[in-house]
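Novice: Predicted coordinates and the sequence they were generated for:
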Amino acid sequence: QVQLVESGGGLVQAGGSLRLSCAASGGFLNSYTMGWFRQAPGKEQLFVAAIDWSGSNTYYADSVRGRFTISRDNAKNPIYLQMNSLEPEDTAVYYCAARWSRTISTRAYEYNYWGQGTQVTVSS
């Protein structure tokens, strides 16, 4: 069974940048479509970004498009989420998820495996 582990979260000032990573143990991610979701305290989990298995297609939530970049290097396993121009509204726990499909989805229930999450806090 694939186990996902996120890293790279932390505390950053508004306008700053962070890069999140998602690595897998127990399998390889190069056959999975990958997504990032986030959940702020007291709020529902929201889609952030996704990338298909080949890395050729990506999709972003409107709130992060132009600021965040999702990428993958299938030879090295990790998936990345580069987050620039961070805003306090980006504060949340960020989750990596894997979907056993070649197509992108924004729906959390269509993902098969999830990481434990990494906290991102953006101060104003």
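Specialist: Looks like it came in fine. Numbers count the residues shown, from 1 in each chain.
Novice: Now do the contacts for Tyr113.
Specialist: Tyr113 sits next to Gln1, Val2, Gln3, Leu4, Tyr32, Ala97, Ala98 when contact means Cβ atoms under 8 Å, 6 or more residues apart in numbering. Every residue, glycine included, has its C-beta placed from N, CA and C.
Novice: do Tyr111 as well
Specialist: Gly35, Ala97, Ala98, Arg99, Ser105.
Novice: Please narrow the residues you listed to those residing in strands.
Specialist: With DSSP state E as the criterion, strands contain Gly35, Ala97, Ala98, Arg99 from among those.
Novice: Ile51: what's it in contact with?
Specialist: Thr33, Met34, Gly35, Asn57, Thr58, Ile70, Ser71, Arg72, Ile79, Ile104.
Novice: The protein: strands as residue ranges?
Specialist: For the chain, applying DSSP E gives strands covering 3-7, 10-13, 18-25, 33-39, 45-51, 58-60, 68-72, 79-83, 92-99, 113-114, 118-123.
Novice: In TSV, list those along with mean pLDDT.
Specialist: Compiled in TSV, those are given as follows (pLDDT from 0 to 100):
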stretch	mean pLDDT
strand 3-7	93
strand 10-13	98
strand 18-25	92
strand 33-39	97
strand 45-51	97
strand 58-60	98
strand 68-72	96
strand 79-83	96
strand 92-99	97
strand 113-114	94
strand 118-123	98
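Novice: Tell me which two of the contacts of Tyr113 sit farthest apart.
Specialist: Farthest-apart pair in the contacts of Tyr113 is Gln1 and Ala97; separation 14.1 Å (Cβ to Cβ).
Novice: Please identify which of these two sits among more neighbours.
Specialist: Taking other Cβ atoms under 10 Å, Gln1 and Ala97 do not tie; Ala97 has more neighbours (24 against 7).
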